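# sequence plus predicted model, see below.
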Amino acid sequence: MTDRPTFGLDTFGDVTLDDRDVPLPQHEVLRNVVAQGVLADRLGVDAFNVGEHHRPDFAISAPDIVLAALAGQTQQIGLGTAVTVLSSDDPVRVYERFATLDALSGGRAEITLGRGSFTESFPLFGYDLADYEILFSEKLDLFAALRSEGRVRWTGTTRPPLDAEIHPKTASGSIDTWVGVGGSPESVVRAARYRFGLMLAIIGGSPTRFEPYADLYRRALGELHPGQPEPPVGFHSPGFVWDTDEEARELLYPHFKANRDRIGAERGWPPATRADVDREADAGALFVGSPRTVARKIADSMKTLGAQRFDLKYANGPMPHAQLVHGIELYATEVIPLVRDMLS
């Protein structure tokens with residue numbers, strides 16, 4: 001991780017529409033995701049992160065495989081997750097897979113660990129949702145121990161005791177790791193305890209609401225690890241960049257609504273409206289508009305949070321691949337340079 005501001009792109013492999021408004025098959029979506037990552041690398045974006053889901057509307061269920069494909073086709077971009085659902089995975093296998101990715105990519109792997117906002121992986125892999133808290137707590141503790149890349153002796157309640165050394169080793173001695181946090185003070189303090197980077201998932205409401213969490217993280221670091229360098233603070237938010245503010249909102253709205261309404265039907269949310277998009281774009285977590293509008297919102301939010309990293313969740317439900325590509329181009333060539341200028 002670096003002290004300079006960095007900028008990434010996130011996708012869950014949202015199943016997109018073709019030019020006839022028909023959903024693409026997932027295998028085509030996956031190949032498009034790789035093409036989007038290759039483009040981001042060529043244009044100089046700092047990081048490309050893919051999420052993990054196990055449902056029909058998102059094509060990526062094995063992030064490390066997608067990232068390995070990108071490792072062979074890119075040169076400099078960081079390759080990470082958004083997020084790895086550690087609660088329903090094996091920390092040892094996760095570390096081994098990402099240490100392998102780190103080797104194949106020349107040291108470009110990073111990982112964001114989280115519990116995930118979807119729970120379909122728990123029954124899929126044989127876990128009980130009643131163990132939601134203890135699974136994440138113990139597995140995060142084990143993963144933290146694995147990052148030393150020495151011999152690990154660990155005991156808990158969710159798996160047999162471990163006394164082993166993990167392979168392969170990374171060239172740098174560890175994998176850059178973040179913890180994704182949606183708004184729990186306990187999760188913020190836990191990230192500080194292990195000296196993981198803090199990645200705030202700001203997906204609704206004003207980013208300023210998360211300033212106390214960033215402050216809590218820095219205070220906890222100072223108390224738990226006095227005198228040690230601080231890991232970075234970052235945040236992830238949805239958005240879309242287009243040539244003008246009005247075009248960006250018009251293009252985004254139907255796909256934003258389709259995505260929100262599909263998930264909302266599972267969670268009891270009311271249908272999304274255009275007013276919801278406008279409200280979130282004006283003063284909330286939606287980073288949508290022209291390059292200058294989006295850049296100003298990113299820069300202001302980074303200053304407020306004291307953040308060193310921003311990741312734009314650029315895939316918006318069924319929004320077509322061609323629109324995503326143009327948005328990536330604008331983000332890389334106009335938004336990021338503008339934000340760097342504003343921050344300096």
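Now that the structure is in, tell me what you want to look at.
# local confidence estimate at Met1?
pLDDT, Met1: 65.
# in space, what's closest to the residue of the chain most remote from its centre - neighbours in sequence excluded?
The C-alpha centroid of the chain is most remote from Asp163, which lies 31.3 Å away (Cα atoms, centre = their mean). The shortest distance from Asp163 to any non-neighbouring residue, by Cβ to Cβ, 6 or more residues apart in numbering, is to Arg153 (5.0 Å). C-beta coordinates here come from the backbone N, C-alpha and C atoms, glycine included.
# can you show me the strands along this structure?
With DSSP state E applied, the chain shows strands at 6-11, 47-50, 78-81, 84-85, 110-114, 151-154, 162-165, 176-181, 197-201, 233-241, 287-289, 309-313, listed in chain order.
# including distance to Arg93, could the ones you listed go into a markdown table?
What follows is those, written out as a markdown table (distance: least, Cβ to Cβ, whole Å):
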| stretch | distance to Arg93 |
| --- | --- |
| strand 6-11 | 23 |
| strand 47-50 | 18 |
| strand 78-81 | 14 |
| strand 84-85 | 11 |
| strand 110-114 | 12 |
| strand 151-154 | 14 |
| strand 162-165 | 12 |
| strand 176-181 | 15 |
| strand 197-201 | 22 |
| strand 233-241 | 24 |
| strand 287-289 | 34 |
| strand 309-313 | 25 |
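# export the ones you listed as a markdown table, with columns for distance to Trp269 and mean pLDDT.
Putting those into a markdown table (distance: least, Cβ to Cβ, whole Å; pLDDT from 0 to 100) gives the following:
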| stretch | distance to Trp269 | mean pLDDT |
| --- | --- | --- |
| strand 6-11 | 22 | 98 |
| strand 47-50 | 25 | 98 |
| strand 78-81 | 26 | 98 |
| strand 84-85 | 22 | 98 |
| strand 110-114 | 21 | 98 |
| strand 151-154 | 40 | 98 |
| strand 162-165 | 41 | 98 |
| strand 176-181 | 21 | 98 |
| strand 197-201 | 17 | 98 |
| strand 233-241 | 15 | 98 |
| strand 287-289 | 20 | 98 |
| strand 309-313 | 18 | 98 |
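# compare the ones you listed and give me the one nearest Phe210.
Between Phe210 and the strands of the chain, the tightest spacing by Cβ to Cβ is seen for strand 197-201, at 5.1 Å.
# what sits up against the longest helix anywhere in the chain?
In the chain, taking DSSP state H as the definition, the longest helix is helix 245-267. Here helix 245-267 makes contact (Cβ atoms under 8 Å, 6 or more residues apart in numbering) with 14, 57, 240-242, 269-274, 276-278, 281, 286, 288-290, 293, 316-319, 323.
# residues touching the residue nearest to the spatial centre of the chain, list them.
The residue lying closest to the centre of the chain (Cα atoms, centre = their mean) is Ala82, at 2.8 Å. By Cβ under 8 Å, 6+ apart, Ala82 lies in contact with Asp10, Thr11, Phe12, Asn49, Val50, Gly51, Thr112, Gly180, His236, Asp311, Lys313.
# 7 Å - rerun?
Applying Cβ atoms under 7 Å, 6 or more residues apart in numbering to Ala82 gives the contacts Asp10, Asn49, Val50, Gly51, Thr112, His236, Asp311.
# just give the number of residues close to the nearest residue to the fourth one once chain neighbours are set aside.
Looking back up the chat, that one is Gly51. In space, and not counting its chain neighbours, Gly51 is closest to Phe12: 3.8 Å by Cβ to Cβ, 6+ apart. Neighbourhood size, Phe12 [other Cβ atoms under 10 Å]: 23.
# roughly how far does Phe12 sit from Pro168?
The spacing between Phe12 and Pro168, counted by Cβ to Cβ, to the nearest Å, is 28 Å.
# repeat that for Phe122.
Separation of Phe122 from Pro168 (Cβ to Cβ): 29 Å.
# more crowded one of the two?
Between Phe122 and Pro168, counted using other Cβ under 10 Å, Phe122 has the larger neighbour count: 20 against 12.
# a markdown table for the contacts of Ala82, including distance to Glu246 and neighbour count?
Formatted as a markdown table, those follow (distance: Cβ to Cβ, whole Å; neighbours: other Cβ atoms under 10 Å):
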| residue | distance to Glu246 | neighbour count |
| --- | --- | --- |
| Asp10 | 25 | 23 |
| Asn49 | 29 | 26 |
| Val50 | 31 | 31 |
| Gly51 | 29 | 27 |
| Thr112 | 33 | 25 |
| His236 | 25 | 24 |
| Asp311 | 25 | 25 |
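# put together TSV for these, with distance to Gln76 on each row.
Below are the contacts of Ala82 laid out as TSV (distance: Cβ to Cβ, whole Å):
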residue	distance to Gln76
Asp10	18
Asn49	15
Val50	17
Gly51	22
Thr112	20
His236	21
Asp311	17
